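> predicted model follows, preceded by the sequence.
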Amino acid sequence: MKFGKITIAGYVVGMVVGLGLVLTYGAIEVSSTPTFCGSCHIMEPYYDSWVSSSHGDIACVDCHIPPGITAELEKKYEALSMVARYFTGTYGTNPWAEVDDAACLECHDRRLLSGSELFGDVLFDHRPHLSELRRGKRLQCTSCHSQIVQGSHITVTTTSCILCHFKGERPGEGTARCTLCHQVPDRVVDAAGLEFDHGEVSRFGMECVSCHTPPAASEGGVPRERCLTCHNEPARLAEYEDGDLLHQTHVTDHKVECTNCHLEIQHVAPRHLEAAQSECAACHAGRHSPQRDLYAGIAGKGLPPMPDVMFRAGVRCEGCHFDHDGAGTSTAGAVSCMSCHGPEYRTLFASWSESVAERRAAVRRELDDTARQLGPAAAEALADARANLELVERGRGIHNVPYSLALLGAAHEEINSVRGARGLASFRTAWPEAPYETPCLECHAGIEGRTARPFGREFPHLSHVVGRGLACETCHRPHEEWEDGGPLRLAAGDCTSCHHREEARACLDCHAGTRRRTFTTEIGEFSHAVHSGDMELECDACHGQPPQVRLPADREACAECH
């Protein structure tokens, strides 16, 4: 009987122990699953980011416990500890779990061998970041791949990359070199309506920061008060100045997000007005607002905003103003245009400058004459016209040619309105304007009054564009067709298709200079001065009537006179 009691007792104990082992094993297995981790309310954001991530089919413990001989035992121990802390209420509200590099490389061992790969438009190589010191520090995988980033899990934190590359560096130098991460694209991009071929960046040796605003939001400093969010021991706070120790502890030994301590550095600062101010204010504080306003296309009276196309594309002051001659002074001119757009922009820059200067001078004369005739009583009435004119004068009209011409046009109209209200005759428009609207004039503003010399002959835009109303495409190809033969659509002889239809037109209207020239022809030297002057021959004696305009090719025709 006694033996039976012992047997029963032993059986019960065995059942209890067995049941305990089963329950323990079940608890270990259940607590090792991500679902169990997510059952705790403090783990919900981490679980939600994991379940929708690329690691959603990998258990938490596979990453958070490094691989090795004792890994399975450690996983079981950590799982039981989590259960115990959960039921006893001793868990913390700020969970902390690191990911060892060995756990990452268990699956991603080829990362160190794969070489550079494209992340967005950035070329990134894992090998130097993991096998070499960066800024004297040993990085972990999680130095760049954060465990939770705005709903993602184990995702590259670009703010950490930017902080490391730009902290303490001048834009475009050292680890902040644009081409260290970004390859110069070999394509044409469209920024705010401005097409730009990035192939010219290498061709002309352009600086990226001329168009792309460099980081400027902060210096990435570490406010002392941020230490207090984690530490309150005087001994630890006393180590604030020891940067090497802090980085060893927080970056190499433990995974602490860089932005937990450092202020964020913005990779690209705000564009447009902020970009236009650039760094010039460091020396010229408060002196460049007219130029900035003109470039931004604002501050005019009676006109809507008209930002320059370069402004809309984010081109900074330094894009045009740089040290041309090594004297240490940043200046701008035709060379600025040519350095990005090629030598043909020298002519375009000259055309812009002349057009703005001529119209500005004309409006200045109109304003001064009107003010002199009407006296001080008209000062208020002329205030808007004066403001628009002075914005162009002080802002240097070349900063935004279309807006400058619009401001001068508005000033001209305002002056005439004031004159008309006081019984004075209106001024005629002192500059030519195309009788139609065309996008060509956004860049070629003022071309209506310019004279070109295609094929060695003078070509007045005034008579063709304003006088006859010919569209630009009559003679010119659109830009997208330039590869087929350049800007001109017509050849030297094609002008006759229009001009020689008027048979009564005098030849010398177009060829006035030929009377002083001597040509070498197939039958010898030919002097226009002798034939048209001394011999008083008409043009058609040798050239025939249009469209037969060629010289005779044999001596017999000449023998009729000679």
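Happy to help now that I have it. Residues are numbered from 1 along each chain as shown.
> name the nearest residue to C230, ignoring sequence neighbours.
N260 (7.8 Å; Cβ to Cβ, 6 or more residues apart in numbering). Every C-beta, even on glycine, is put in place using the N, C-alpha and C of the backbone.
> and that neighbour, what's its pLDDT?
If you check N260, the pLDDT there is 81.
> and it, which of the three is it?
helix (DSSP: H, G, I helix; E, B strand; the rest coil).
> the closest residue to H254 other than its chain neighbours and V251, how far apart?
In space, and not counting its chain neighbours, H254 is closest to E98: 6.4 Å by Cβ to Cβ, 6+ apart. Remark: distance between E98 and V251 (Cβ to Cβ, to the nearest Å) = 12 Å.
> okay, those two: which has more neighbours?
Comparing E98 with V251 by other Cβ atoms under 10 Å, the one with more neighbours is V251, at 22 against 16.
> quick one: mean pLDDT for stretch 359-378?
Mean pLDDT, stretch 359-378: 92.
> residues making contact with it?
For stretch 359-378, the external contacting residues (Cβ atoms under 8 Å, 6 or more residues apart in numbering) are 379, 382, 385-386, 389, 392-393, 397, 404-405, 408, 411-412, 415, 418-419, 422, 424, 427, 430-431, 446.
> all strands of the stretch 401-550 of the chain, in order?
Along the stretch 401-550 of the chain, counting by DSSP state E, counting those that start in this stretch, strands occupy 451-452, 459-460, 518-521, 524-527.
> can you redo those as JSON lines with distance to K167?
Formatted as JSON lines, the strands of the stretch 401-550 of the chain follow (distance: least, Cβ to Cβ, whole Å):
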{"stretch": "strand 451-452", "distance to K167": "53"}
{"stretch": "strand 459-460", "distance to K167": "57"}
{"stretch": "strand 518-521", "distance to K167": "71"}
{"stretch": "strand 524-527", "distance to K167": "76"}
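> just those: most buried one?
Stretch with highest mean neighbour count among these: strand 459-460 (a mean of 15; mean count of other Cβ atoms under 10 Å).
> give the rounded mean pLDDT of the helix or strand just after that one.
Following strand 459-460 in sequence order, the next helix or strand is helix 461 (DSSP states H and E). Helix 461 carries an average pLDDT of 86.
> next, find the distance separating the spatially most central residue of the chain from I265.
Nearest to the mean C-alpha position of the chain, by Cα atoms, centre = their mean, lies H212 at 4.5 Å. According to Cβ to Cβ, H212 stands 15 Å off from I265.
> repeat for A378
Distance of A378 to I265, given as Cβ to Cβ: 55 Å.
> which of the two has more neighbours?
I265 (22 against 18).
> for the more buried one, which three-state class applies?
Looking at I265 with three-state DSSP, the answer is coil.
> after the least confident helix or strand in the chain by mean pLDDT, next one along is what?
Ranked by mean pLDDT, DSSP states H and E, the helix or strand of the chain with the weakest confidence is helix 273-277, at a mean of 50. If you walk from helix 273-277 toward the C-terminus, the next helix or strand you reach (DSSP H and E) is helix 289-296.
> put the alpha carbons of that following helix into PDB.
The C-alpha trace of helix 289-296 is given here as PDB (Å, rounded to 0.1, in the frame of the first residue of the first chain):
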ATOM      1  CA  SER A 289      17.200  92.900 -52.500                       C
ATOM      2  CA  PRO A 290      16.400  94.600 -55.900                       C
ATOM      3  CA  GLN A 291      18.400  92.000 -57.800                       C
ATOM      4  CA  ARG A 292      16.800  89.200 -55.800                       C
ATOM      5  CA  ASP A 293      13.300  90.700 -56.300                       C
ATOM      6  CA  LEU A 294      13.900  91.100 -60.000                       C
ATOM      7  CA  TYR A 295      15.200  87.600 -60.300                       C
ATOM      8  CA  ALA A 296      12.200  86.200 -58.400                       C
END
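> from the contact counts, what lies against that helix?
In this structure, helix 289-296 makes packing contacts with helix 273-277, helix 309-312, helix 383-395, judged by 3 or more Cβ pairs under 8 Å, 6 or more residues apart in numbering; DSSP states H and E.
> which one of these lies nearest to L462?
With Cβ to Cβ as the measure, helix 383-395 is the member of those nearest L462 (22.6 Å).
> other residues contacting the closest one?
290-291, 293-295, 299-303, 356, 360, 363-364, 367, 404, 407-408, 410-412, 414-415, 418.
> again, 6 Å this time
Helix 383-395 is contacted from outside by 290-291, 294, 299-301, 360, 363, 404, 407, 410-411, 414-415, using Cβ atoms under 6 Å, 6 or more residues apart in numbering.
> now the angle from it to helix 289-296?
100 degrees (axes from the mean of the first three to the mean of the last three Cα atoms, to 10 degrees).
> mind listing what's buried along helix 383-395?
Using 16 or more other Cβ atoms under 10 Å as the burial criterion, the residues of helix 383-395 that qualify are 384-389, 391-392, 395.
> can I get these in TSV with distance to F166 and pLDDT?
Output for those, formatted as TSV (distance: Cβ to Cβ, whole Å; pLDDT from 0 to 100):
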residue	distance to F166	pLDDT
D384	46	94
A385	48	94
R386	46	94
A387	41	94
N388	42	95
L389	44	95
L391	37	94
V392	39	95
G395	33	91
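> out of these, which comes closest to T33?
Closest to T33, out of all of the buried residues of helix 383-395 and judged by Cβ to Cβ, is G395, at 67.9 Å.
> do you know how far the closest one is from M338?
G395 is 23 Å from M338, where distance means Cβ to Cβ.
> also H464?
Using Cβ to Cβ, one gets 27 Å for the distance from H464 to M338.
> do T155 as well
From T155 across to M338, the span is 44 Å (Cβ to Cβ).
> same question for R396.
18 Å.
> again, but for T329
Distance from T329 to M338, by Cβ to Cβ: 19 Å.
> just want to know which of these two has more residues nearby.
M338 (16 against 10).
> okay, that one: pLDDT?
pLDDT, M338: 82.
> for A504, same thing?
At A504, pLDDT is 53.
> for Q248, same thing?
pLDDT, Q248: 84.
> ok, for it, nearest residue in space, not its chain neighbours?
Q248's closest residue in space is K137 (Cβ to Cβ, 6+ apart), at 7.4 Å.
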